[in-house]
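In: after the sequence you'll find the predicted model.
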Amino acid sequence: VCSSVHLLIHCAANVDFNERLDGAILTNCRGPLRMLKLAEKCSQLLSYVHVSTAYVNCNQPSGSKILEELPQLEADGELVLNEFASISIEEDFSSRGNILN
């Protein structure tokens with residue numbers, strides 16, 4: 001497959017707002033990272049499309065054009081993800097302080 005695919009579309013996500021944190025991280029963070037690693041192996045890939053959830057800009061009027069911009073992160077995304085993933089389900093988040101700094 002990796003030698004012949006030209007287009008990868010990733011649109012899988014869990015939008016259950018009651019999902020446990022570990023499950024949400026596995027699906028919504030690790031999943032896209034695995035897809036990017038797959039994309040890197042596709043020698044004929046011309047385009048990789050990631051479709052995010054519809055809830056991100058739900059405050060915008062219907063039909064609005066949303067220009068996508070990649071923000072500059074002050075923290076290393078992998079480190080932040082690993083920090084969140086290391087929190088046990090029973091642990092209180094307030095004991096961690098500010099994870100993003």
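Out: It's in.

In: how about the helices in this protein?
Out: Using DSSP state H, the helices found in the chain span residues 21-25, 31-41, 77-85.

In: can you tell me the distance between the two ends of stretch 69-78?
Out: By C-alpha to C-alpha, to the nearest Å, the extent of stretch 69-78 from end to end equals 20 Å.

In: any idea how many residues pack against Glu83?
Out: 14 (other C-beta atoms under 10 Å). All C-beta atoms are positioned from the backbone trio N, CA, C, and that covers glycine.

In: oh sorry, the question was meant for His6
Out: 9.

In: show me the contacts for it.
Out: Gln44, Leu45, Leu46, Ser47 (C-beta atoms under 8 Å, 6 or more residues apart in numbering).

In: what of Lys41?
Out: Lys41 neighbours (C-beta under 8 Å, 6+ apart): Cys2.

In: rewinding a little: between the helices of the chain, which one is nearest to Cys2?
Out: helix 31-41 (4.6 Å; C-beta to C-beta).

In: before we move on, back to that, any idea which of the contacts of His6 has the most stuff around it?
Out: Going by other C-beta under 10 Å, Leu45 tops the contacts of His6 with 15 neighbours.

In: list the contacts of that residue.
Out: Val5, His6, Leu7, Leu8, Ala39.

In: who's the third one bridged to?
Out: Here Leu7 shows beta-bridge partners Ser47, assigned using DSSP bridges.

In: all good on my end, thank you.
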